[in-house]
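Undergrad: model the structure of this input:
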Amino acid sequence: MTKSPTVFSIPVHRAFADALAAGLIARFADGALGLADGLILLPSNRARSAVQAAFVRAGGAGLLMPRLAVIGDADLDENVALALDPIDESDAIPPAIDPLRRRLMLAALIERHNPPGEDAITGAGAFQLAEGLGRVIDQLHYEEVASARLGEVGTALGDLAGHWQASWQRLRLLVDHWPAALARTGMIDRADRRNRLLARVSEGWCAAPPARFVVAAGVTTAAPAIARLLRTVADMERGIVMLPGLDIAMAEGEWDALGPTRPDLEKPMERALETHPQYHLKLLLGRMGVSRAEVDEWDAVSSFDGPAAREPFLSLLFAPAAYTARWQQAGDVSAGIVGLSGAVFADDGQEAQGIALMMRHALETPARTAALVTPDRGLAERVASALLRWGIEVDDSAGRPLSQLPPGTLLLALADLAARFDPVRLLAVLGHPLVRKGEGRLDWLDRVRRLDLVLREPGLTPGWDGVSARVAAFAARKDEAADLADWWTALADGLGALLAPFGSGAPAPPATLLAALQAALGWLTGEAVWAGPAGRQLADLFDRWSLAGGDGPALIAAADFPAMLTDLIGSENVRPPYGGHPRLFIWGLLEARLQRADLMILGGLDEGRWPQATSADAWLAPGIRRLLGLPAPERQQGAAAHDFAGALAGREVVVTRAQRSGGDPAVASRFWLRLSALAGELPEARLDGQPVTALAAMLDVPPGASEPAEKPRPAPPVEARPDAISVTGVDQLARDPFAFYASNILRLSELDPLSSGPDAKWFGTRIHRLLEDWQRAGMTEVALEKELEALEADPALDALARAFWLPRIMPSLRWAAETVWAAREERWPVATEARGAMVTGGIRLHGKADRIDQLADGRLAIVDYKSGSAPSGTAAAEGLDNQLGLLGLLAEAGQVEDVDAAPVGALEYWSLKRDRAKGAEGKISATHGSRRDLKTAEEAIARAAAALADLSARFLLGNEPFTPGDPGSRYSDFDQLMRRDEWFGRGDRDAGEGDAA
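TA: Numbers count the residues shown, from 1 in each chain. Sure, this is the predicted structure:
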């Protein structure tokens with residue numbers, strides 16, 4: 001009589017690992033050594049750790065556990081060998097190819113083989129596509145789809161879009177060439193090796209079943225090779241297959257509604273419900289040849305089990321759409337949500353704070369454990385950071401991407417700098433925490449900060465040479481900067497030389513670029529970048545790439561290499577070594593399978609976070625995947641639903657979501673919406689009677705009511721006020737006294753942007769220098785053309801400035817020169833960048849005139865160049881624009897260098913900006929005139945002198961507070977310092993005494 005397969009299911013509300021351990025001890029523990037003869041096959045290393053811990057809890061000290069082997073991981077070599085008797089070496093299976101080497105080889109194939117009429121894909125693009133191609137090849141192995149099958153479904157291409165047909169043709173071409181390329185290495189694909197190892201185990205056990213008991217527990221992967229192995233185990237005399245959370249009680253109609261378990265070419269439109277949490281179990285049973293009726297319920301229990309009513313509740317919760325009418329007939333479901341609560345936070349930041357609070361609160365109860373389960377690694381990282389405020393270190397067992405850890409960030413920053421040099425990238429590399437780590441780092445950072453300030457001056461020439469020139473010029477002006485110049489020279493000679501392969505911008509072998517980065521990392525950090533788990537993994541990545549030899553794309557554009565590295569190390573996860581908090585855990589979905597804590601917190605239940613958004617397959621259209629029998633991308637959502645159901649079945653569960661995620665409104669997860677529709681609004685999660693959402697919102701808010709700041713009125717003593725002022729400072733004081741106070745008394749100024757591109761300040765300075773040099777060269781046409789040529793060739797101009805600014809300013813500069821030449825009989829420039837100073841009313845006034853002309857009648861004209869619009873005449877009349885009037889005051893007093901005292905007849909702004917109304921390339925605006933409030937230059941000078949006297953008496957010699965100016969006239973550099981947003985719009989409260997500053 002043939003033995004029926006032995007298949008059990010542990011109900012979803014029971015803690016899988018603990019129920020498994022308790023049941024196996026009851027069945028097989030014949031004394032201390034009874035279990036030691038057994039073998040348990042598990043899906044992952046994390047599951048193995050969970051089962052080990054469960055045996056310790058259930059059996060205590062002195063219990064010898066069964067042998068545990070992992071069959072779900074890609075690295076099966078040693079694990080499967082443990083499950084076998086000695087292997088015949090003559091039948092050895094070839095080793096698996098390293099994943100990085102395989103990806104490089106696939107990228108080279110993509111470069112070499114193109115369907116007729118298709119553009120070639122090269123470099124980083126080929127490397128990126130190689131990852132998806134490798135997944136397709138692995139899935140073909142897992143599902144045991146022969147290459148010939150690709151041709152059979154090719155007849156269905158006619159209805160597909162053109163890009164899918166092109167991808168299909170390229171895929172066929174590559175799949176045909178890959179076996180030969182792989183065979184030359186003497187290796188095989190990892191997925192192929194896994195299938196062969198599992199097949200050999202299955203065949204060996206069929207021929208000679210082991211005498212020991214064998215249990216396959218928690219394996220839900222429905223790959224045919226695993227299904228055959230599980231069937232072999234189930235058929236053994238002492239074999240058991242243990243499934244997690246199979247819904248044995250589901251109605252037969254609902255079970256059938258999950259769809260077929262294999263593709264049918266005659267019914268290509270019949271689709272399986274792969275998003276359902278039970279579908280992958282149905283698929284596994286179908287491939288095992290086991291009906292659901294043959295599966296029995298495991299009867300062992302544990303102290304971690306949830307309420308029994310949770311199992312039928314979850315079955316109802318995930319009923320297929322056609323059967324959700326049962327929700328209306330369900331009646332009272334309150335028993336199914338006992339111990340279940342929810343929390344909706346304002347944003348994902350507060351969500352992390354609230355979860356951290358709940359985990360911290362769990363520690364108040366001795367021996368109580370708590371776990372956050374989430375697929376959102378960003379949320380996991382924020383929760384771990386929030387717990388550090390209490391000195392609690394919790395490791396994210398799912399790991400963190402290498403690209404987010406210091407060695408990875410330094411590598412990517414360095415590659416970005418090498419490919420696209422600019423000051424921002426340079427300082428990001430030089431200031432990285434791993435650079436010059438240890439003794440001497442403070443001196444290094446001091447020089448980096450000084451370099452930062454030097455590079456912030458506008459007009460930096462792009463490239464290493466531009467920085468060298470800027471540092472040399474700075475050192476020439478300041479003797480104390482000589483050490484900075486020496487430091488930069490050594491850095492440029494060292495780091496710059498190592499990155500030279502990137503400098504030309506021409507394509508280079510990837511190995512050459514990688515070696516340059518490796519040498520540069522060593523120069524910057526010594527051994528620090530290779531230390532720790534992340535550093536060792538990065539070193540291993542470099543070693544594996546080196547061992548790949550010449551495999552991969554022959555040449556990579558330097559500008560594309562950073563994207564290639566980002567794609568590579570972004571998929572490398574660094575798992576923390578054990579040693580985190582013993583009672584608090586952060587689990588990804590894979591790590592949470594089969595494990596349970598006293599308090600389960602299911603975080604990130606927003607659509608796109610849990611379940612995560614599916615990514616499209618670049619190689620196979622969804623319809624073709626279905627015909628081939630490959631899993632649809634949506635199957636991952638079904639697995640996520642199963643993980644959610646397993647975690648939700650705990651004894652005490654809190655589900656959380658955020659109304660905003662990443663600053664944008666978030667949509668509740670489909671799981672959350674189903675839960676709300678069936679159970680209504682969940683009880684709010686509370687800590688000591690307080691809603692956890694309220695506590696999270698209050699956590700970082702200072703106690704007491706917030707009082708907005710009043711409008712500032714700093715009033716320093718007279719001796720702290722300046723006794724000198726520039727002509728432009730007078731205008732600043734008139735328009736915005738607070739800005740004058742901040743810049744001239746507090747000595748604050750806004751830093752120039754750290755960018756190699758020219759800004760408005762540079763444009764103005766460069767124009768003034770050009771006109772000054774032209775005037776000093778005699779103002780001839782030849783001199784003008786020479787200056788214009790020098791401007792066009794200025795290396796500080798970036799592409800944007802050459803495309804937009806240069807074509808606009810060139811005609812305006814010619815207009816200025818032509819205007820000077822046209823009026824040479826009436827006036828002629830006699831001074832440029834002329835400085836002047838005098839003491840008036842106890843205050844030293846100083847300033848600089850862009851240009852001073854001598855008029856035909858002997859009077860003077862003061863000219864100021866503007867690259868934008870000029871101030872209005874009304875501003876001069878109101879005492880807000882005094883610059884030209886005060887320069888005229890200095891000139892009339894004979895206090896301007898190289899200019900004799902003379903009456904001033906004109907005060908003019910020359911705007912180097914097209915005057916569209918008159919069709920001219922510039923415009924001359926006087927502060928006075930027949931149509932203005934100030935009729936003559938004499939009146940304008942008198943008005944400016946009166947404004948100076950008034951402002952000096954009030955602010956410089958008196959004690960009037962420096963209040964912010966009117967919104968229409970004040971400066972904006974100091975809005976944050978004056979806390980503008982707190983007082984603006986709450987009424988004018990200027991009256992009253994100022995506060996001493």
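Undergrad: so where do the strands sit in the stretch 501-650 of the chain?
TA: 573-574, 584-587, 599-602 (DSSP state E, counting those that start in this stretch).
Undergrad: now stretch 742-753: average pLDDT?
TA: Stretch 742-753 carries an average pLDDT of 89.
Undergrad: stretch 584-592 too?
TA: Taken as a whole, stretch 584-592 has a mean pLDDT of 88.
Undergrad: residues making contact with it?
TA: The set of residues external to stretch 584-592 that reach it, using C-beta atoms under 8 Å, 6 or more residues apart in numbering, is 44, 46, 359, 362-363, 369-375, 377, 380, 383-384, 387, 392, 394-398, 595, 597, 639-640, 643, 646-647. Where you see a C-beta, it was placed from the backbone N, CA and C, and this is true even at glycine.
Undergrad: now, these that are in strands?
TA: Mapping the contacts of stretch 584-592 onto strands (DSSP state E) picks out 370-373.
Undergrad: out of the residues you listed, grab the one that's most surrounded.
TA: Leu372 (32 neighbours; other C-beta atoms under 10 Å).
Undergrad: so it bridges to which residues?
TA: With DSSP bridges as the criterion, Leu372 is bridged to Ile586, Ile601.
Undergrad: got the contact list for it?
TA: Contacts of Leu372 by C-beta under 8 Å, 6+ apart are 355, 359, 379-380, 383, 585-587, 601, 603.
Undergrad: of the residues you listed, closest to Asp794?
TA: Within these, distances to Asp794 taken as C-beta to C-beta reach their minimum at Leu379, with 49.2 Å.
Undergrad: contact partners for the residue nearest to the closest one when sequence neighbours are not counted?
TA: Nearest in space to Leu379, with sequence neighbours left out and distances taken as C-beta to C-beta, 6 or more residues apart in numbering, is Gly604 at 4.8 Å. Going by C-beta under 8 Å, 6+ apart, Gly604 touches 348, 351, 374-376, 379, 610, 656-658.
Undergrad: just Thr369 next, same as before
TA: Applying C-beta under 8 Å, 6+ apart, the residues near Thr369 are 362, 583-585, 597-599.
Undergrad: kindly reformat the residues you listed as JSON lines containing neighbour count and distance to Asp422.
TA: As requested, the contacts of Thr369 are exported to JSON lines (neighbours: other C-beta atoms under 10 Å; distance: C-beta to C-beta, whole Å):
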{"residue": "Ala362", "neighbour count": "20", "distance to Asp422": "48"}
{"residue": "Arg583", "neighbour count": "19", "distance to Asp422": "48"}
{"residue": "Leu584", "neighbour count": "25", "distance to Asp422": "43"}
{"residue": "Phe585", "neighbour count": "21", "distance to Asp422": "43"}
{"residue": "Ala597", "neighbour count": "25", "distance to Asp422": "48"}
{"residue": "Asp598", "neighbour count": "17", "distance to Asp422": "52"}
{"residue": "Leu599", "neighbour count": "21", "distance to Asp422": "49"}
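Undergrad: redo those residues as CSV? Include distance to Gly905.
TA: Listed next are these as CSV, based on distance: C-beta to C-beta, whole Å:
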residue, distance to Gly905
Ala362, 84
Arg583, 87
Leu584, 82
Phe585, 84
Ala597, 88
Asp598, 90
Leu599, 86
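Undergrad: list just the nearest of those to Leu285.
TA: Distances from Leu285 to the contacts of Thr369, taken by C-beta to C-beta, are shortest for Ala597, at 29.6 Å.
Undergrad: make sure that closest one is actually in contact with Gly650.
TA: Yes. Counting by C-beta atoms under 8 Å, Ala597 does reach Gly650; the two are 7.5 Å apart.
Undergrad: shared neighbours, these two?
TA: Phe304.
Undergrad: include pLDDT and distance to Arg851 when you put the ones in strands among the contacts of stretch 584-592 into JSON lines, please.
TA: Shown next, in JSON lines, are the ones in strands among the contacts of stretch 584-592 (pLDDT from 0 to 100; distance: C-beta to C-beta, whole Å):
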{"residue": "Ala370", "pLDDT": "96", "distance to Arg851": "75"}
{"residue": "Ala371", "pLDDT": "95", "distance to Arg851": "75"}
{"residue": "Leu372", "pLDDT": "96", "distance to Arg851": "69"}
{"residue": "Val373", "pLDDT": "95", "distance to Arg851": "73"}
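Undergrad: tell me the one of these nearest Glu939?
TA: Minimum distance to Glu939 across the ones in strands among the contacts of stretch 584-592 is 74.9 Å, recorded for Leu372 (C-beta to C-beta).
Undergrad: my read is Thr832 is in a strand, agree?
TA: Yes. Counting by DSSP: H, G, I helix; E, B strand; the rest coil, Thr832 falls inside a strand.
Undergrad: quick one: it from His768, how far?
TA: 9 Å (C-beta to C-beta, to the nearest Å).
Undergrad: spit out the residues that contact the two alike.
TA: What both Thr832 and His768 touch, as defined by C-beta under 8 Å, 6+ apart, is the set Asp850.
Undergrad: the residue nearest the centre of the chain - nearest residue in space that isn't next to it in sequence?
TA: By C-alpha atoms, centre = their mean, the mean C-alpha position of the chain lies nearest to Gln404, the distance being 8.4 Å. Distance criterion C-beta to C-beta, 6+ apart; nearest residue to Gln404, sequence neighbours excluded, is Glu381 at 7.9 Å.
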